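Participant: Here is my input; please provide its structure:
(chains A and B)
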Amino acid sequence: MNVTHAASKQSSLLRLVKSEAPTTCHTAILRHFSAEPNLAPPPSTDDSSVITEVVSLLQNNDNDWNNNDKLRQLLFPSNNSPHSLYAVSLPKITRRLGTTTKALKFFEYIQANSPSPPEPPSLSPTFEAMYELACREQPNPLSKLSELLYKSKDHNIPLTINSATLLVRCFGQAGMIDKSLLVYKELDPVLQNTHIRNVLLDVLLRSGRVDDALQMLDEMLKPDAEFPPNENSIDIVFTALLKRDQSGRSVSEEEIVGLVSKFGEHDLFPSVVCLTQLITKLCRRGKSNGAWELLHDVINLGGGVEAASCNALLTGLGRERDFQRMNTLLKEMKEKDIHPNVITFGILINHLCKFHRVDEALEVFEKMSGGGESDGFSVEPDVILYNTLIDGLSKVGRQEEGLGLMEQMRSKHHCAPNTVTYNCLIDGFCKAGEIERSHELFNQMNREGVPPNVITLNTLVGGMCRHGRINSAMEFFNDMQRKGLKGNAVTYTALINAFCNSNNINKAMELFDEMMKAGCSPDAIVYYTLISGLSLAGRLDDASFVASKMKEAGFCLDIVSYNVLIGGFCRKNKFDKACEMLKEMEQAGVNPDAVTYNTLISYFSNSGNFTTAHRVMRQMIDNGLMPTVVTYGALIHAYCLVDNLDEAMKIFRDMSTTSRVPPNTVIYNILIDTLCKNKNVEVALSLMDDMKHKGVRPNTTTYNAMFKGLQGKNWLEKALKLMDQMTEQACNPDYITMEILTEWLSAVGETEKLKNLVQGYEVLASKA
DNA sequence: GTAGGGTTAG
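Facilitator: Prediction:
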């Protein structure tokens, strides 16, 4: 609407100008209006005073310019001599008028009053001034700009490069991309310089017009291009390609790598920051090949590469566990004299630690700051590097050494341990079950003024929970809360999990409520934990309730949660409920996995419905899932329960021959237990041999089943042999073992024989 | 650079 309105106004103006246009041209005026600053004489001190006077007259006599002789005199000097002031002045005056409305009115005034009409190109700078005014005008600069553009076209006034750039940018920012493109295309080709192309590139890329952008870029990148790209072009292009919310089509890594090479041929390279970000982005998208190529292109084309970019690639390669290429890159850094920094070493040490190669990590650590040895430069470790190592040590149970490193960082590098340092050590001691040491460290950090954070809290709470000290954990948590350290979802997960595991479901539910009341919003893991805990405890109604709450909160149940619920319903013999879950799963697009099938196979076979169990197994295979050792275990167990040992043994044999799923200890235990109960101890013993043969380790359950069977037959010799074997294999007897053997051996007066077993156990217990 | 959970056969 604005445009139409503007157009009608414009055409009337056009008529006006044309009707009053004299037929001859006054060279003096022409010169006044000239766009070429070089043709205009340098501004004298007079200029500004005249301009000020003109502007003042224009501003103060808003409605009566036509009757203002003074104004006319200043603008159009009667003596007809070339007035140097004028040419440069018109844009200046226009700028100072402040609004486009006034400026346009002034423009009309000039058109009407000029003794001779200006050549259209000479008005270009004045329009430039008006565009500048327009784009500052609110609320709608765009309609003003469009109106001006329309007017300038009507008058055949060409755009200056500045006007065009401004228009391209403003239209682009408003999302009027086609209008931006049009302005550019209609611009005199000699003016289509690198700068405006950069602005257009930015506009196109930001709006997702990737192909248009690449097309223009392609033209710029031609070897003989008149306006080749510059440093800004490369930054604009790659910053845009890095944008996360990039609309339009995505640019493949091949294209990105290709662009870098082409820029490289113009001796242009992305900045260190840009290159590093590109590499990071590619690596995160799983395109480390592209990242590798990118970095190497820049190196080979002679662009400068710094450690940061290499670090980005090293991180990506590390994520993919591509140690070989990590090593190659490190070698190349050395060859190209790219000095590794503390982060480079941090990446290396971190990866070594994550793969439990702590000794190698320590070696690298020693070398990096060892001076001379590492090619004349040495890198001082910082707190992060120390923390990485301390964590690595703590994770493999070498927390005492970690403690030593903390002392070293203080004394050798005057590097103060921080919260993370303490957290890593506290975690190490917690994992080792040394909760007291962890507490000591916690007190120490408080004394030193190192503030504990929620991770400190969670590490201690989790450690106590894992070691069965739930009450201490609760106490500690409450204590911390009083001191102002609030827990988060992780804290509650640890506690809820611990209460579920210790059969205190009500307390777990209570904590969940407490968490909500404390304003701590539960995440998916808290829900999963609770659903699992409730299902396993047989509280399926509660579990379903939590699941519905979870869905209300916008989370989805995953396959494991569905399996937990289905398993729970099956155990409760609520098959219809299990089916409901299966249906829901399907609707949610969650595919059943091997565990789902195993759960159902177990349910059917345990209820004696072997036909259906086998049918489900068939379906499992048809759906591309291979039966697992658990599948066979479920069937074998169920056949054993109904004393169909033949069928159980048939499946067992079938496992190693046709199915190639090697039986494990559990499978042997089921069979050995059943055989012993059926007084078939010989076959059970032969299965023991079979285990030895196949390298399957018997465990306490295996021995217990055997002892029970042997006791029934009173085969003492065999039992004593197995007792020795148990000690040899460092297999712990449990209370069932002791019960069977104590009863049996005391009855036959052989209690002495129990000694070895008990002693062996004590050795093991002390080691643990 | 540091913290949390869960499924199926004995």
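Participant: low-confidence ranges in chain A?
Facilitator: Counting by pLDDT under 70, chain A has low-confidence residues at A:1-47, A:78-87, A:244-247, A:371-376, A:760-768.
Participant: Domain ranges for it, per the record?
Facilitator: The record's domain split for chain A, according to automatic domain parsing, is A:1-158, A:529-713.
Participant: right, and those - which one's nearest DNA strand B?
Facilitator: domain A:529-713 (2.3 Å; Cβ to the nearest atom of the strand). Placement of C-beta: from N, CA and C, glycine included.
Participant: Let me know whether that closest one sits next to DNA strand B.
Facilitator: Yes: contact check for domain A:529-713 against DNA strand B, using Cβ under 7 Å from any atom of the strand: residues in range are A:529, A:532-533, A:536, A:558-561, A:563-564, A:567, A:593-596, A:598-599, A:602, A:628-631, A:633-634, A:637, A:664-667, A:669-670, A:673, A:699, A:701.
Participant: one step back: with mean neighbour count added, can I get the domains of chain A in JSON lines?
Facilitator: Below are the domains of chain A laid out as JSON lines (neighbours: other Cβ atoms under 10 Å):
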{"stretch": "domain A:1-158", "mean neighbour count": "16"}
{"stretch": "domain A:529-713", "mean neighbour count": "18"}
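Participant: Distance to A:Ser207 added to these, as JSON lines?
Facilitator: JSON lines is the format used below for those (distance: least, Cβ to Cβ, whole Å):
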{"stretch": "domain A:1-158", "distance to A:Ser207": "15"}
{"stretch": "domain A:529-713", "distance to A:Ser207": "32"}
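Participant: right, and those domains - which one's nearest A:Gln481?
Facilitator: Nearest of the domains of chain A to A:Gln481, taken as Cβ to Cβ: domain A:529-713 at 20.3 Å.
Participant: just to confirm, which helix or strand has the nearest residue to A:Leu214 once chain neighbours are set aside in it?
Facilitator: Leaving aside its chain neighbours, A:Leu214 sits nearest to A:Glu255 (7.5 Å; criterion: Cβ to Cβ, 6 or more residues apart in numbering). A:Glu255 is part of helix A:253-265, with elements assigned from DSSP states H and E.
Participant: The helix or strand that that helix is followed by vs helix A:253-265, what angle?
Facilitator: Going down the chain from helix A:253-265, the next helix or strand is helix A:272-284, by DSSP H and E. On the basis of axes from the mean of the first three to the mean of the last three Cα atoms, to 10 degrees, helix A:272-284 is oriented at 160 degrees to helix A:253-265.
Participant: now helix A:272-284, how far from the centre of its chain.
Facilitator: 14 Å (Cα atoms, centre = their mean, to the nearest Å).
Participant: anything in that helix sitting right up against DNA strand B?
Facilitator: No: Helix A:272-284 is not in contact with DNA strand B by Cβ under 7 Å from any atom of the strand; minimum separation 12.5 Å.
Participant: and the following helix or strand past that helix, what does it pack onto?
Facilitator: Next along the chain after helix A:272-284, taking DSSP H and E as the criterion, comes helix A:288-300. Contact here means 3 or more Cβ pairs under 8 Å, 6 or more residues apart in numbering; DSSP states H and E; on that basis helix A:288-300 packs against helix A:253-265, helix A:272-284, helix A:307-319.
Participant: quick one: contacts of helix A:288-300?
Facilitator: A:253-254, A:256-257, A:260-261, A:264, A:269-270, A:275, A:278-279, A:282-283, A:305, A:309-310, A:312-313, A:316-317, A:319-320, A:322, A:325, A:332, A:336 (Cβ atoms under 8 Å, 6 or more residues apart in numbering).
Participant: Likewise for stretch A:666-680?
Facilitator: With Cβ under 8 Å, 6+ apart, stretch A:666-680 has contacts from A:629, A:632-633, A:636-637, A:640, A:643, A:645, A:648-649, A:652, A:655, A:681, A:683-684, A:687-688, A:690-691, A:696, A:698-699, A:701-702, A:705-706, A:708-710, A:712-713.
Participant: Distance check, the residue nearest the centre of chain A against A:Glu253.
Facilitator: Nearest to the mean C-alpha position of chain A, counting by Cα atoms, centre = their mean, stands A:Arg284 at 7.6 Å. Relative to A:Glu253, A:Arg284 is positioned 12 Å away (Cβ to Cβ, to the nearest Å).
Participant: what do the two both touch?
Facilitator: With Cβ under 8 Å, 6+ apart, A:Arg284 and A:Glu253 have no common neighbours.
Participant: hang on, the earlier thing: which ones are touching the nearest residue to the residue nearest to the centre of chain A once chain neighbours are set aside?
Facilitator: Excluding the flanking residues, the one nearest A:Arg284 by Cβ to Cβ, 6+ apart is A:Gly316, at 7.5 Å. Contacts for A:Gly316 (Cβ under 8 Å, 6+ apart) come out as A:279-280, A:282-284, A:288, A:291.
Participant: Switch the residues you listed over to TSV; also include distance to A:Lys574.
Facilitator: What follows is these, written out as TSV (distance: Cβ to Cβ, whole Å):
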residue	distance to A:Lys574
A:Ile279	54
A:Thr280	51
A:Leu282	51
A:Cys283	48
A:Arg284	45
A:Ser288	49
A:Ala291	52
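Participant: still on that earlier bit, among the residues of domain A:529-713 next to DNA strand B, which are in helices?
Facilitator: Here DSSP state H is the test, and the residues of domain A:529-713 next to DNA strand B give A:529, A:532-533, A:536, A:559-561, A:563-564, A:567, A:594-596, A:598-599, A:602, A:629-631, A:633-634, A:637, A:665-667, A:669-670, A:673, A:701 as lying in helices.
Participant: What helix or strand is the residue nearest to A:Trp65 when sequence neighbours are not counted located in?
Facilitator: In this structure, A:Trp65 finds its nearest non-sequential neighbour in A:Tyr109, 5.3 Å apart by Cβ to Cβ, 6+ apart. Secondary structure assigned from DSSP H and E places A:Tyr109 in helix A:100-113.
Participant: Please compute how far the helix or strand just after that helix lies from its chain's middle.
Facilitator: Counting by DSSP H and E, the element after helix A:100-113 in chain order, helix or strand, is helix A:124-136. From the chain centre to the centre of helix A:124-136 is a distance of 45 Å (Cα atoms, centre = their mean).
Participant: helices or strands next to helix A:124-136 in the packing?
Facilitator: helix A:84-96, helix A:100-113, helix A:141-154, helix A:161-173.
Participant: Make CSV out of the ones you listed and add distance to A:Lys483.
Facilitator: Listed next are the helices and strands packed on helix A:124-136 as CSV, based on distance: least, Cβ to Cβ, whole Å:
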stretch, distance to A:Lys483
helix A:84-96, 63
helix A:100-113, 63
helix A:141-154, 56
helix A:161-173, 51
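Participant: mind giving me a markdown table with those helices and columns for distance to DNA strand B?
Facilitator: Converted to a markdown table, these look like this (distance: least, Cβ to the nearest atom of the strand, whole Å):
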| stretch | distance to DNA strand B |
| --- | --- |
| helix A:84-96 | 52 |
| helix A:100-113 | 53 |
| helix A:141-154 | 45 |
| helix A:161-173 | 36 |
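Participant: Relative to A:Tyr131, which of those is closest?
Facilitator: helix A:161-173 (5.0 Å).
Participant: Now do the closest one against helix A:141-154: the angle between them, please.
Facilitator: Using the same axes, to 10 degrees: helix A:161-173 against helix A:141-154 is 140 degrees.
Participant: Who are the packing partners of helix A:161-173?
Facilitator: helix A:124-136, helix A:141-154, helix A:177-186, helix A:194-206.
Participant: Can I get those helices in CSV including distance to A:Arg615?
Facilitator: Compiled in CSV, these are given as follows (distance: least, Cβ to Cβ, whole Å):
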stretch, distance to A:Arg615
helix A:124-136, 74
helix A:141-154, 69
helix A:177-186, 60
helix A:194-206, 57
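Participant: List phi and psi for whatever residue of the stretch 251-400 of chain A ends up closest to DNA strand B.
Facilitator: Residue nearest to DNA strand B within the stretch 251-400 of chain A: A:Asn387 (3.6 Å; Cβ to the nearest atom of the strand). Backbone torsions for A:Asn387, taken as degrees, to the nearest 10, come to phi -60, psi -40.
Participant: A:Asp542 too?
Facilitator: According to degrees, to the nearest 10, A:Asp542 has phi -60, psi -40.
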